[in-house]
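>>> Give me a model of this one.
(one chain, ligands or ions: 1)
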Amino acid sequence: MDGPVVSGLRASLRVPRPDFEVGVDLAADPGEVVALVGPNGAGKSTVLRALAGLEPAAGGSIRLDGRELATLPAHRRRVGLVFQDPLLFPHLSAVDNVAHGLRSQGLRRRAARERALALLRRWELGPLADRGGRQLSGGEAQRVALARALAPEPDLLLLDEPLSALDARTRLLTRGELAVRLGEFAGPSVLVTHDPVDAAVLADRVVVLERGRVVQVGTPAEVTRRPATDYVARLVGLNLLRGRAEGTTVRCPSGLVLTVAAPVQGPVHCVFRPSAVSVFASRPEGSPRNVLPGVLRGMAPHGDGVRLDVQLGTGDRVQAEVTPAAVAELRLGAASPLWLAVKASEIQVERAGGPI
Ligand SMILES: Nc1ncnc2c1ncn2[C@@H]1O[C@H](COP(=O)(O)OP(=O)(O)OP(=O)(O)O)[C@@H](O)[C@H]1O
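You can find the predicted model right below:
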């Protein structure tokens, strides 16, 4: 007898590659965003392509809301796909690109166009609707590609480096929009990325792959605090604090208040590198920076420096990176009280998807 239907994605994949076999178990609940990260050639795209049905798997299963996808051809899997290249049809307008996916589901031309247009308008992309694929900027094209993937209301969304072809400013804006869309999407999403900020800001859970194997799974905060390998430590070594912005003030649920350089409104993630955190034994004087009292909870070598795990008075955890000489000078030991300082200009502010 079959067991109860498990909603979400439960995949167990085996795909042979020239140097190794990709063997990955992957789970994603409805509404959950799982980031697949790892070095070049680790097998991330292979996993995504196997889920989509674009790569023949040697074995295993892909269960989505209790349905078995592994035996279905790609077009019957109800999977939305977004790649690094938006891959829009250049001879079709933005609205017809979005309508294309709906038509392949059997919707008539007019109905598909109407639904596509309604979606573009809802996403404030209405003014782009009649532009051809070639008349869109990289960021615009990627937003239209996301609309095309989500318009048919897929059961699973797969994104392969969706932001990596964009320049830094466009990436920031598009990432904010993606965060909102992922927050609205009811199904599971799997996101392949090289960018630790993407993983930190967009993902509920991070799965780290190395040479075709899962080496770590956890929330961005867990993986940051206890990286399983040096690669993971380098990749995810970022501080991430969620809060609500009003101008240049960000208030976190813990009571922590941060000052940032650029004014924003609404739910945000504040991201900063451990190397941007200065550490003092006593409160630094006359500084316009964020000055935060805390207690040392852990210390580990990291490259040429030392990574400190500090618990703030508000309970939030912050990683700081200092030189071994500074550790000696500050006389740091277990539970040492200390002060952290972070310049407002060092804090990258990213729009978050959900309410805070
Ligand atoms: N179509 C293919 N046939 C055979 N081997 C492939 C194929 N595509 C990729 N490979 C090899 O499989 C391994 C995994 O590649 P894959 O593209 O999945 O890695 P990745 O983690 O996505 O890498 P990157 O971050 O560089 O995109 C690599 O060794 C790659 O050279």
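
>>> which residues sit in contact with the residue of the stretch 201-350 of the chain found nearest the ligand?
Closest to the ligand within the stretch 201-350 of the chain is Leu209: 6.6 Å, counting by CB to the nearest ligand atom. Heads up, the C-betas are built off the backbone N, CA and C, glycines and all. With contact set as CB atoms under 8 Å, 6 or more residues apart in numbering, Leu209 has these partners: 24, 36-38, 42-44, 47, 215.

>>> Point out the residues in the chain that sit beside the ligand.
17-19, 38, 40-46 (CB under 6 Å from any ligand atom).

>>> Buried among the residues you listed? Need that as a selection in PyMOL.
Applying 16 or more other CB atoms under 10 Å to those leaves a buried subset, and the PyMOL line that selects it is:
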select buried, resi 38+42+43+44+45+46
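
>>> Reformat the residues of the chain next to the ligand as TSV; add distance to Glu177.
Shown next, in TSV, are those (distance: CB to CB, whole Å):
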residue	distance to Glu177
Arg17	34
Pro18	37
Asp19	37
Gly38	25
Asn40	27
Gly41	30
Ala42	28
Gly43	28
Lys44	23
Ser45	23
Thr46	28
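
>>> between the residues of the chain next to the ligand, which is nearest Arg297?
Gly38 (27.8 Å; CB to CB).

>>> still on that earlier bit, tell me what the residue of the stretch 201-350 of the chain closest to the ligand is bridged to.
Val214 (DSSP bridges).

>>> For it, report the pLDDT, please.
With respect to pLDDT, Leu209 has a value of 93.

>>> swap in Gly354?
55.

>>> helices and strands of this protein: which one bottoms out on pLDDT?
In the chain, no helix or strand scores lower on mean pLDDT, DSSP states H and E than helix 230-236, which sits at a mean of 71.

>>> On the C-terminal side of that helix, identify the next helix or strand.
Using DSSP states H and E, the helix or strand that follows helix 230-236 in sequence is strand 239-251.

>>> Quick check: next helix or strand after that following strand?
Proceeding N to C from strand 239-251, the next assigned helix or strand is strand 257-272, under DSSP H and E.

>>> So which residues make contact with the next helix or strand after that following strand?
Using DSSP H and E, the helix or strand that follows strand 257-272 towards the C-terminus is strand 277-280. Contact partners of strand 277-280, identified using CB under 8 Å, 6+ apart, comprise 239, 284, 289, 308, 310, 318-322, 326, 330, 338-342.

>>> Strands - which of those residues land there?
239, 308, 310, 318-322, 338-342 (DSSP state E).

>>> picking that back up, what's the most distant pair in the residues of the chain next to the ligand?
Pairwise distances among these were taken by CB to CB; the largest, 17.2 Å, belongs to Pro18 and Gly38.

>>> That concludes my questions; thank you for your assistance.
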